[in-house]
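> below is the sequence, then the predicted model.
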Amino acid sequence: MRGPCPISPSPWLPAAKAAVRASSSPFNGTLTISDRIWRNLSDGIPAIFVIYWQDMFVNAPFSTGFTPLPPDGPRPDWLKIRAGLAEAFAVTRQRLQVHGLNTVCVSAACPNLCHCWRRGHAAFLVLGPECSRRCRFCNVSKKTPAPPDPDEPRRVAEAVRDSGLGEVVVTSVTRDDLPDGGAAHWAAVIRAIRATAPNVRIEILVPDFKGSDQALATVFAAKPDIFGHNVETVPRLYPAVRPEADYARSIAVLGAAARAGFTVKTSLMLGLGETDDEIRRTLLDAHGAGATIVYLGQYLRPSPHHAPVCGYLSPEHFAALGEEARRIGFATVASAPLVRSSYPVQ
């Protein structure tokens, strides 16, 4: 059984800063998604890559509260994948560009981007690419969010229709800056998809809306097919990695959705220092609240500014946790290192 992984200061930090200052590395500054990255992917560079470099060790504000740590070491073989691009990848990319849409695939630096886009799948990220919270595991931008785009629901719906797929996953940043947390915009997106592509199954992955019953009721009224909200981690780790969230509140969101009659999904990322017993108790809490679908996947550190990886769970370990989730009573379980919450339920 794995034990807690403390987050501690890094005694090597001054030397690392000096080394980077003396380096002529081209990676000082911000690296964003560009044609250069797409070309690199097509040349077969592994698809697990960091999209944002953000002046490592030198100019970064370190506002996350974590002292930057050394790289987590070489990832095990089961986390090494190849891009393997295909024509469908380019078609998916073009469709997103034409409609001017964000995806969590890019914003969260998902390692499965190439795998999913080759199959025409992309998880839409609505309410903008900037999040109002600063979770210490997440790669999504933390800049000041812009007002919601009132035309976004139409564009998402048209992109869903153009994909020709039978299901869609929509997620969003957290928008604590908005009075309703973005609930009305969420409802508009769901209704637009339903009107434009009526046969598509709509799976949503929403924030907690600060636990607002009114905001949740607004989303419920739009009638998605699957309601998702991620618990993300065990309660002990919330202050360290989700300081602006609340474990009990997330469990309550799952319960509210279940009582409203929805199929409810949640997810956990593992490798932050949780123990197997903590995972089991969290699964019991989520299932007790009414969740019937759970996804378990490996946490991968997006950059040295983020929470460190405290351990890489083997595929066999994930399989055992998946069996435990089934024993608890979850009807649908996906448990493997590269599983991500934005995978559509299939």
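Here it is on my side, so go on. Residues are numbered from 1 along each chain as shown.

> can you give me the strands for the stretch 151-300 of the chain?
Taking DSSP state E, counting those that start in this stretch as the test, the strands found in the stretch 151-300 of the chain are 167-172, 201-205, 226-228, 263-270, 293-298.

> quick one: which of these is nearest S314?
Between S314 and those, the tightest spacing by C-beta to C-beta is seen for strand 293-298, at 9.8 Å. Glycine gets a C-beta too; all of them are placed from N, C-alpha and C.

> so how many other residues sit close to G164?
Under the neighbour criterion other C-beta atoms under 10 Å, G164 is assigned a count of 9.

> my bad, A221
The burial count assigned to A221 is 12, neighbours taken as other C-beta under 10 Å.

> how close does it sit to A307?
Counting by C-beta to C-beta, to the nearest Å, the gap between A221 and A307 amounts to 36 Å.

> and if you look at F330?
Here the distance between F330 and A307 works out to 26 Å (C-beta to C-beta).

> with neighbour numbers in mind, choose between those two.
Neighbour totals were compared for F330 and A307, and A307 leads with 26 against 22 (other C-beta under 10 Å).

> using the three-state scheme, assign that one.
Secondary structure, DSSP: H, G, I helix; E, B strand; the rest coil: A307 is coil.

> and it, what pLDDT?
If you check A307, the pLDDT there is 84.

> go ahead and confirm it touches P239.
No - contact criterion C-beta atoms under 8 Å: A307 and P239 do not qualify, at 11.8 Å.

> which ones are touching the closest residue in space to V168 that isn't next to it in sequence?
Beyond its immediate neighbours in the sequence, the residue positioned closest to V168 (C-beta to C-beta, 6 or more residues apart in numbering) is V160, lying 4.8 Å away. V160 sits next to F124, V168, I193, T196, A197, V200 when contact means C-beta atoms under 8 Å, 6 or more residues apart in numbering.

> ok, what's across the strand from the second one?
Applying DSSP bridges to V168 yields these beta-bridge partners: I202.

> how long is stretch 134-147 end to end?
The first and last residues of stretch 134-147 sit 18 Å apart, counting by C-alpha to C-alpha, to the nearest Å.

> correct me, but D276 touches F318?
No - with contact defined as C-beta under 8 Å, D276 does not count as touching F318 (11.5 Å).

> which SS class is Y312?
For Y312, the secondary structure call by three-state DSSP comes out as coil.

> pLDDT value on it, please?
On the pLDDT scale, Y312 is placed at 90.

> now the phi/psi pair for the residue nearest to it when sequence neighbours are not counted, please.
Take Y312 and drop its neighbours on the chain: the residue closest to it by C-beta to C-beta, 6+ apart is P76, 5.2 Å away. Dihedral pair for P76: phi -60, psi 160, per degrees, to the nearest 10.

> now what about stretch 234-241, what contacts it?
Taking contacts as C-beta under 8 Å, 6+ apart, the residues outside stretch 234-241 that touch it are 4, 7, 135-137, 232-233, 245-248, 268, 272-275, 278-279, 281-282, 307.

> quick one: which of these sit in helices?
Using DSSP state H to define helices, the subset of these located there is Y247, A248, E278, I279, R281, T282.

> from T174, how far out is the residue nearest to Y312?
From P76 across to T174, the span is 31 Å (C-beta to C-beta).

> who's more crowded, those two?
More neighbours surround T174 than the other of P76 and T174, with 24 against 13 (other C-beta under 10 Å).

> which stretches of this protein have low pLDDT?
Judged by pLDDT under 70, the chain has its weakly predicted residues at 1-73, 80-122, 137, 139-142, 343-346.

> if you set the cut-off to 90 instead, what comes out?
Low-confidence segments of the chain, defined by pLDDT under 90: 1-125, 128-146, 159-169, 171-174, 240-241, 243-244, 300-311, 337-346.

> helices of that one, start to end?
Using DSSP H, helices in the chain cover 13-22, 35-42, 87-99, 104-107, 113-117, 152-163, 183-196, 213-221, 238-241, 247-259, 276-289, 315-328.

> who's in contact with N199?
Under the contact definition (C-beta under 8 Å, 6+ apart), the residues listed for N199 are G166.

> actually Y247, not the one I typed
If you count contacts by C-beta under 8 Å, 6+ apart, Y247 has them with V231, P235, Y238.

> so the first one makes contact with T282?
Read that as V231. Yes - the criterion here is C-beta under 8 Å, and V231 meets it with T282 at 6.3 Å.

> give the residues shared as contacts by these two.
Going by C-beta under 8 Å, 6+ apart, residues that sit against V231 and also against T282 are L268.

> with neighbour numbers in mind, choose between these two.
Neighbour comparison, V231 and T282: the larger count goes to V231, with 25 against 22 (by other C-beta under 10 Å).

> lovely, talk soon.
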